[in-house]
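> Generate coordinates for the sequence data below:
(2 chains)
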Number of protein chains: 2
Amino acid sequence: MTDDFFTSSDTVRQAAPLKHVQTVSLDGSVELELGDTLPSVTVAYETYGRLNADRSNGILICHAISGDSHVARHDEEDDPGWWDVAVGPGKPIDTDRFFVICPNVLGGCRGTTGPNCLNPATGRPYGPDFPRIAVGDMVRVQRRLLDHLGIETLIAAVGGSMGGHQVLAWARYYPECLWGAVLIATSARLTAQALAFDVVGRNAIIRDPNFRDGRYYETGASPEVGLAIARMIGHITYVSRQAMDRKFDPDRLSPRDVQTGFENLFSVGSYLGHQGAKFVERFDANSYITLSTAMDLFDLGDTRDKLARALDRTPCRWLVLSFSSDWLFTPAQSRELVDALIATDKPVSYCNVESDCGHDAFLLPDQVDSYGALMRAFLEDLSREGDAEPIADEAPYGHAPTSIFRSHRLDYDRIVELIPAGAGVLDLGCGKGSLLARLKRRGHYPLLGVELDEKAIIACVGRGLSVIQTDLNEGLACFADKQFDCVVLSQALQAVRDVEAIIDDMLRVGRQCIVSFPNFAYTRYRRRLADEGRAPKPGGPGTCEWYDTPDIRFLSIADFEDFCLARRIEVHRRIALDTENTRQIDDDPNLNADLAIFVLSR
Amino acid sequence: MTDDFFTSSDTVRQAAPLKHVQTVSLDGSVELELGDTLPSVTVAYETYGRLNADRSNGILICHAISGDSHVARHDEEDDPGWWDVAVGPGKPIDTDRFFVICPNVLGGCRGTTGPNCLNPATGRPYGPDFPRIAVGDMVRVQRRLLDHLGIETLIAAVGGSMGGHQVLAWARYYPECLWGAVLIATSARLTAQALAFDVVGRNAIIRDPNFRDGRYYETGASPEVGLAIARMIGHITYVSRQAMDRKFDPDRLSPRDVQTGFENLFSVGSYLGHQGAKFVERFDANSYITLSTAMDLFDLGDTRDKLARALDRTPCRWLVLSFSSDWLFTPAQSRELVDALIATDKPVSYCNVESDCGHDAFLLPDQVDSYGALMRAFLEDLSREGDAEPIADEAPYGHAPTSIFRSHRLDYDRIVELIPAGAGVLDLGCGKGSLLARLKRRGHYPLLGVELDEKAIIACVGRGLSVIQTDLNEGLACFADKQFDCVVLSQALQAVRDVEAIIDDMLRVGRQCIVSFPNFAYTRYRRRLADEGRAPKPGGPGTCEWYDTPDIRFLSIADFEDFCLARRIEVHRRIALDTENTRQIDDDPNLNADLAIFVLSR
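This next block holds a predicted model:
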């Protein structure tokens, strides 16, 4: 079967033994979270790159349910790894710089102790006697592996899906052991839907007559049908509807010739039959039950408060990534994690990577330009000494690169002066982080940006800034009352649909708010309408036109004064600028200024 | 089990015999679409209401895969029907007015001939010898049932999910037999994802050791586990993620006490186990395979052209309904049907009903206020003699009900005059259809509205107008080049984000285009900015403010002239109005008119 049709994100996994795997038997027994004890545990793992002299360049990669220690090729002759797109020399997780460790999880079936291993108490495989484990137990075993390797602290733990659950458990149980945590396509707990699919998969296994209550190892038959059914269900949930249509819809009535005993009427049926049949060659049904149950039981809490408490003890920095078409671990679930981290002022960056590949996107090359760049920037910044290189100020939205904003932002100068020394700042619509970078150099803390554009977010993360991907039109519900000393909305008010909501939210979240906006009653704009009968066009020649400007709200300084007055918003300062002539305006600002900066509170 | 926890959309279905069911044995054999012949067919059906003297008030209801003939209660003592929310005296499908017929489908297991019936050739149940059937065969049998009842033409055929497939087959094979077709949560063919779930369900059945290649009727055991697994998968796909979270997430670790042999660790698991176990009491595994395979093979075509050809022969009117959270039969699939109908100028109305209940929404009371009202309006209009009552003109968006637009629209007068007699018109942003209703009274055809607001769409359908729910910001890709004599965009240009795209699309779709918009260079607005330094506010006092107006584009007549000139758009007519003083403006319109009407073409 060399047909590309049958390749999927993780079907490169081999049933063959792994060549580069190392094993270690941990000293003594392992106490498990749910009360049981494992008398002995062996861990299978692979490493990549070199551990540096002070043992400080380690990155732990935690695999998903059907993964194993073979995260990447060790050399060109090696079998493919499950994450070759992200791990290797020069790759986003750069094995030329970092020492990468990837262990098979506890309860797995690829070398680490699991249900298919011998139970020392009986001399036979554990089978159903393998104790119920939690994700925390996987992590306790990983901690002991790192002890064995002499690694105290990791640059980062990185994981997707169930691997992300392990990273969360690391932050919870070993809060001092991580500088950074990278969560990919994961959640604080499964949706009821994801849990339901797992339940049906396990039902197919446990009701397979060959399962025999889990004691099938010595019978010569295993619950292959049940495990294949579970795997087929899993496969459907790992990909998006769009991706499935793309792959199977054009020739839906042309199944490939597979011999599986499963229905073979439809193209997608032959694919699922093949994947199911292949899976049972390399995976153990009891492991599937053990691991999927651990994942289903994983639960950091169903409220922001509980989640925040669970993650409160770690000082590490966070990078949270979701994929827009992932319906198994949804972007909304990543946002719940992000919101909980925000609630306790953790340094967190978040991006919902645009993708139509579904949950599998994190294993595919398709979006590695985005999520790989974010991981690379995050990991580089974590291991960097000193500040990143400064980047020039950007022009605001809707302004051509030739506009006066190109190289220097008078408005930023004023805004920076208005913010009290050391104050924490939330910058709404932060772009590539020019203003935040200025504030960082001045020692402000905490600093957080909100931005929609993916490229801008990558730039921010590369500058060591924390930034959350959010559409301002969706509001600021993730922030607590008075969470920031200062909230800045710089030249974005006029691009927001629900102005009242965003101002209300800013005043709730910030002790002080700074709002800047173009003044549509500026003399040149007035004349343009009054004399020429044409709509005002801020930004001057070369900028956007009435039909393509991102600006959708048109207001003057006087309008905004009225707005504040009617809502009893306190105006502390008004600064008016003529940015064309780079000067401050004191005389009749509503006529003479093209930009206004207001300092507000409620 | 009186616990509300276990009720779901179709678990009211009884395993008990249906009391009001009637049966008829068709004369002669039935030739099937895929080449086989059934020597004899019995149809089980129920009827509601009274057939009128000229046998013209019949409505056929086609059920989904697990439904049956018992669509509603016949009286208060009767068992619940599967669609009591929609069918009954005074209900949206009003059995006081209409004669409702609901047959069990061919291949089913609730009275109509299916795999569990005796094969006259062998004297034993058909089992696997039951021929493979198509959705078209179900419909052929229904046509013969109607012949038996003496009904030539139906007011409408109505169906959701697989029932919708049957309605589509009616329109294809019996194009002259329907006045109306109501498609609910259905599609021209399944997504690859939906098909994949069906495949996995069938695999669970056919690999259940009790299945015995389908010959299980006489063995004393049936493939209950496989069928239950298939049903569990189905259940997950019928509801939305949100609905599952709402129901199962608050107490996910509290399974109800069910005795099923399935895993019972999680709340959702106990629900699925119960539903699976109940289903096998009332449904037959061979029927499940027969019907789901027919549904999976149903395919009207994968392109708009093929679809349009499949539905081209019927003159009936269409109502297409989808539900926003339906991920099994997605809104996009309903749109494919709608777009194909539009392509051949069929009278079609479409609404994507806002719902978080998923595919099941069409069986639940939650959204019946919306979709029920649409069905009621559609069916009433189909059976009405003469025009609906006129409704007063509406004010345009952003205008208070007290504005000058309240009772009479001078702009509509002018627009109507500009449209050639009898011309077909597409009205973009048609609201409740005031302009279209005027045009309808003047004999224009075809007429189609595009609108976003659900209530406005219900009003249009009640007026006998065809209207498609579409966000103008998503473009007009559903319309062919020069499909309409005239495309109207009345006072909506300024509310559209991508002005260039919508104008381009209008010029592509219409031989002639009429665009009206408020003129921001109107003298009063100029003075407001020039003298008062405040942003122009069209519509006058009581209308929206700069921060909450739906208007997001600000242009003058001069700006629009420039726009057309730069794009070589031909301007045929310019009409300028002073709507405040209800007069046409000839002198310096850019100064003196508050509204402009342009007639364009390319």
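> domain assignment for chain A?
For chain A, automatic domain parsing gives the domain ranges A:4-382, A:398-601.
> So the shortest one, near chain B or not?
Spelled out, that is domain A:398-601. Yes. Using CB under 8 Å from any CB of the partner chain, domain A:398-601 reaches chain B at A:497-500, A:520-521, A:525-527, A:529-530, A:532-536, A:546-548, A:552-559, A:562-563, A:590-591. (Each C-beta comes from the backbone N, C-alpha and C, glycine too.)
> tell me which parts of the stretch 201-350 of chain A are close to chain B?
Within reach of chain B by CB under 8 Å from any CB, the stretch 201-350 of chain A has these residues: A:202-204, A:206-207, A:209, A:225, A:228-229, A:232-233, A:236, A:241, A:244-245, A:247-250, A:252, A:261-263, A:265-269, A:272-273, A:276, A:293, A:296, A:299, A:302, A:327, A:330.
> Mind giving me the PyMOL select for these, buried ones only?
Here is the PyMOL command that picks out the buried ones among those, judged by 16 or more other CB atoms under 10 Å in any protein chain shown:
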select buried, chain A and resi 202+203+204+206+207+225+228+229+232+233+236+241+244+245+247+248+249+252+262+263+265+266+267+268+269+272+273+276+293+296+299+327+330
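> now the strands for the stretch 501-602 of chain A?
A:510-518, A:570-578, A:583-585, A:595-601 (DSSP state E, counting those that start in this stretch).
> Just want the angle from the last one to strand A:510-518.
Right, the one you point to is strand A:595-601. Counting by axes from the mean of the first three to the mean of the last three CA atoms, to 10 degrees, strand A:595-601 lies at 160 degrees to strand A:510-518.
> Quick check: buried residues in strand A:595-601?
Neighbour-count burial for strand A:595-601 [16+ other CB under 10 Å]: A:Leu595, A:Ala596, A:Ile597, A:Phe598, A:Val599, A:Leu600.
> mind listing what the fifth one touches?
Which is A:Val599. Counting by CB atoms under 8 Å, 6 or more residues apart in numbering or on different chains, A:Val599 makes contact with A:Leu418, A:Gln512, A:Cys513, A:Ile514, A:Val571, A:His572, A:Arg573, A:Arg574.
> which of these sit farthest apart?
A:Gln512 and A:Arg574 (13.9 Å; CB to CB).
> out of these two, which sits in the more crowded spot?
The residue with more neighbours, out of A:Gln512 and A:Arg574, is A:Gln512; 23 against 16, by other CB atoms under 10 Å in any protein chain shown.
> any idea how far that one lies from chain B?
21 Å (CB to the nearest CB, to the nearest Å).
> thinking that residue is in contact with A:Ser601, fair?
Yes. Under the criterion of CB atoms under 8 Å, A:Gln512 makes contact with A:Ser601 at 5.3 Å.
> and the residue in the stretch 1-150 of chain A positioned nearest to chain B, how many neighbours?
Of all residues in the stretch 1-150 of chain A, the one sitting closest to chain B is A:Arg132 (9.8 Å; CB to the nearest CB). The tally of other residues near A:Arg132 (other CB under 10 Å) stands at 17.
> hang on, it in a strand?
No. Read with DSSP: H, G, I helix; E, B strand; the rest coil, A:Arg132 is coil and lies in no strand.
> Without its sequence neighbours, what residue ends up closest to it?
A:Leu34 (5.3 Å; CB to CB, 6 or more residues apart in numbering or on different chains).
> May I have the secondary structure class of that neighbour?
coil.
> Of the domains of chain A, give the one that comes closest to B:His63.
Using CB to CB, the domains of chain A put domain A:4-382 closest to B:His63, at 23.9 Å.
> and the end-to-end length of the closest one?
38 Å (CA to CA, to the nearest Å).
> average pLDDT for it?
Domain A:4-382 carries an average pLDDT of 95.
> to the chain's geometric centre, what's the distance from it?
Here the centre of domain A:4-382 is set off from its chain's centre by 15 Å, with CA atoms, centre = their mean, to the nearest Å.
> swap in stretch A:510-527?
35 Å.
> What is the burial count for the residue lying closest to A:Ala121 once chain neighbours are set aside?
Closest residue in space to A:Ala121, ignoring its immediate chain neighbours: A:Pro39 at 7.1 Å, by CB to CB, 6+ apart. Neighbour count of A:Pro39, defined by other CB under 10 Å: 11.
> Distance check, A:Pro39 against A:Ala134.
Between A:Pro39 and A:Ala134 the computed distance is 18 Å (CB to CB, to the nearest Å).
> these two touch, right, A:Ala361 and A:Gln367?
Yes. Between A:Ala361 and A:Gln367 there is a contact under CB under 8 Å: 5.1 Å.
> Show me the common contact partners of the two, please.
Joint contacts of A:Ala361 and A:Gln367 (CB under 8 Å, 6+ apart) are A:Phe323, A:Val353, A:Ser355.
> I'd like those written out as TSV, with distance to B:Asp54 added.
Output for the shared contacts of A:Ala361 and A:Gln367, formatted as TSV (distance: CB to CB, whole Å):
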residue	distance to B:Asp54
A:Phe323	59
A:Val353	62
A:Ser355	58
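> Most neighbours of all the residues you listed, which one?
A:Phe323 (31 neighbours).
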